[in-house]
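# Here is a sequence with its predicted model. Questions after.
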Amino acid sequence: MEEEWGLALRMDYCRTNKFTNQLLCRLLVCNKEGFWKVDKRDPLAKNPRAETRIGCEAQLYVKLDEGIRKFVVTDFKEKHNHDLVSPECAHMLSSQRKKSPTQAIELDLAASGLHLGQSFELMGREAGGRQCLGFTKLDQKNYLRTKRQQSLTYGKLDNEEQITNMFWADAQMIIDYVQFGDVVTFDTTYKLNKEHRPFASFVEFNQHRETVIFGAALLYDETANSFAWLFQNFLEAMSRKAPKTLFTDQDAAMAKAMPIVMPDTSHRLCTWHLMQNALKHVNCLFQDKGVKGVLNKFLFDIEDENQWKLE
């Protein structure tokens with residue numbers, strides 16, 4: 001409706017119930033309502049800021065009717081003291097500049113290989129013109145800056161309010177997970193920090209077979225509860241999208257926590273750990289190159305389940 005009117009609204013005032021936080025009333029005004037204070041900047045500025053407040057009195061006041069539990073209009077002033085924006089330029093109003101979820105994904109993908117101007121031009125051509133995008137190049141720049149600065153960190157406290165487990169993932173990790181997160185390898189390392197605490201990581205390959213990291217964590221211990229907490233926060237950071245397959249080592253606590261948090265995810269064992277266990281327990285058999293070749297064939301050359309059973 002704002003686009004049809006050619007104006008932008010601003011929320012000027014509201015009142016809420018201090019006990020329930022229920023909205024009681026709201027005043028909506030034109031974005032040109034009121035006046036700015038006296039500009040104290042240099043009057044000789046080359047690019048002075050345009051005047052945007054000209055005392056427009058158009059407004060809409062709504063109030064909650066306690067009897068019917070609905071908002072009703074109690075005051076409405078329709079007349080503006082300025083010309084409205086034409087439909088061709090209405091998309092430039094601040095309240096009209098919005099990005100759809102699909103556009104946000106395209107911006108994330110374009111930012112990985114195109115300059116800011118190139119990605120904006122590309123999306124404009126796909127939409128039939130920049131005027132059809134619904135946002136400006138400045139909105140795009142601010143969005144990408146926010147994504148780069150954004151990171152997610154989750155911490156778990158014990159009864160003494162001390163941090164025991166910590167998980168984090170930044171914006172790039174989340175973007176990578178959207179593209180390559182169907183199969184994830186999860187593993188922990190030991191005694192590589194001064195506290196001798198397990199360090200856990202979620203990793204996989206991209207389309208160039210380069211290692212990408214989806215998230216990392218420092219854990220207090222390797223119990224099923226700690227892994228369940230970690231998997232839950234990993235899914236929370238990744239918009240509740242669980243991987244289709246998760247590769248781990250043969251840790252029993254991981255195997256116990258996985259079905260609880262990710263019941264639809266297939267649990268598989270990492271081939272590196274399988275080979276290490278084979279070398280540890282039946283190293284004598286690996287002196288025979290034929291036995292080693294057969295094992296390698298089962299692990300790496302057979303992709304069909306029926307063929308694997310026949311072999």
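Arrived safely.

# so Tyr61 makes contact with Val29?
No - with contacts counted by Cβ atoms under 8 Å, Tyr61 stays clear of Val29, the gap being 9.4 Å. (Each C-beta comes from the backbone N, C-alpha and C, glycine too.)

# Which stretches in this structure count as helices?
2-5, 101-111, 116-127, 137-149, 171-180, 224-237, 252-261, 271-281, 289-296, 305-310 (DSSP state H).

# Which positions within the third one qualify as buried?
Of the residues in helix 116-127, those buried under the neighbour-count criterion (16 or more other Cβ atoms under 10 Å) are 119-120, 123.

# With the fifth one instead?
In terms of neighbour count (16+ other Cβ under 10 Å), helix 171-180 has its buried residues at 171-177, 180.

# As JSON lines, those residues with pLDDT and distance to Leu133 would be great.
Shown next, in JSON lines, are these (pLDDT from 0 to 100; distance: Cβ to Cβ, whole Å):
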{"residue": "Ala171", "pLDDT": "85", "distance to Leu133": "22"}
{"residue": "Gln172", "pLDDT": "86", "distance to Leu133": "24"}
{"residue": "Met173", "pLDDT": "89", "distance to Leu133": "27"}
{"residue": "Ile174", "pLDDT": "90", "distance to Leu133": "23"}
{"residue": "Ile175", "pLDDT": "88", "distance to Leu133": "21"}
{"residue": "Asp176", "pLDDT": "89", "distance to Leu133": "25"}
{"residue": "Tyr177", "pLDDT": "92", "distance to Leu133": "26"}
{"residue": "Phe180", "pLDDT": "92", "distance to Leu133": "28"}
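
# what's the neighbour count on Leu60?
For Leu60, the neighbour count with other Cβ atoms under 10 Å is 16.

# And it, how far from Ile54?
19 Å (Cβ to Cβ, to the nearest Å).

# and the spatially closest residue to Leu235 that is not a sequence neighbour, what are its phi and psi?
Leaving aside its sequence neighbours, Leu235 sits nearest to Ala242 (Cβ to Cβ, 6 or more residues apart in numbering; 6.0 Å). Main-chain dihedrals, Ala242, degrees, to the nearest 10: phi -90, psi 150.

# isn't Ala242 right up against Met262?
Yes - contact criterion Cβ under 8 Å: Ala242 and Met262 qualify, at 4.5 Å.

# list residues touching both of these two?
Common contacts of Ala242 and Met262 (Cβ atoms under 8 Å, 6 or more residues apart in numbering): Leu235.

# Just the mean pLDDT for stretch 121-141, thanks.
Averaged over stretch 121-141, pLDDT sits at 70.

# got a pLDDT number for the closest residue to Cys270 other than its chain neighbours?
Leaving aside its chain neighbours, Cys270 sits nearest to Phe247 (4.7 Å; criterion: Cβ to Cβ, 6+ apart). For Phe247, the pLDDT comes out at 89.

# what separates Phe247 from Gln179, distance-wise?
18 Å.

# got it, and Val73?
47 Å.

# swap in Cys25?
46 Å.

# mind listing what Met254 touches?
If you count contacts by Cβ under 8 Å, 6+ apart, then Met254 has 186, 227, 248 around it.

# same thing but at 10 Å, please
186-188, 200, 222, 224, 226-228, 230-231, 246, 248, 267 (Cβ atoms under 10 Å, 6 or more residues apart in numbering).

# a markdown table for the residues you listed, including distance to Thr16?
Shown next, in a markdown table, are these (distance: Cβ to Cβ, whole Å):
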| residue | distance to Thr16 |
| --- | --- |
| Phe186 | 44 |
| Asp187 | 49 |
| Thr188 | 47 |
| Ala200 | 43 |
| Glu222 | 46 |
| Ala224 | 43 |
| Ser226 | 40 |
| Phe227 | 42 |
| Ala228 | 38 |
| Leu230 | 38 |
| Phe231 | 38 |
| Leu246 | 45 |
| Thr248 | 48 |
| His267 | 48 |
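
# got CSV for those residues, with distance to Val212 and neighbour count too?
Formatted as CSV, the contacts of Met254 follow (distance: Cβ to Cβ, whole Å; neighbours: other Cβ atoms under 10 Å):
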residue, distance to Val212, neighbour count
Phe186, 14, 26
Asp187, 15, 18
Thr188, 18, 18
Ala200, 16, 22
Glu222, 24, 16
Ala224, 27, 16
Ser226, 24, 21
Phe227, 22, 28
Ala228, 25, 18
Leu230, 19, 25
Phe231, 19, 22
Leu246, 15, 19
Thr248, 18, 19
His267, 21, 14
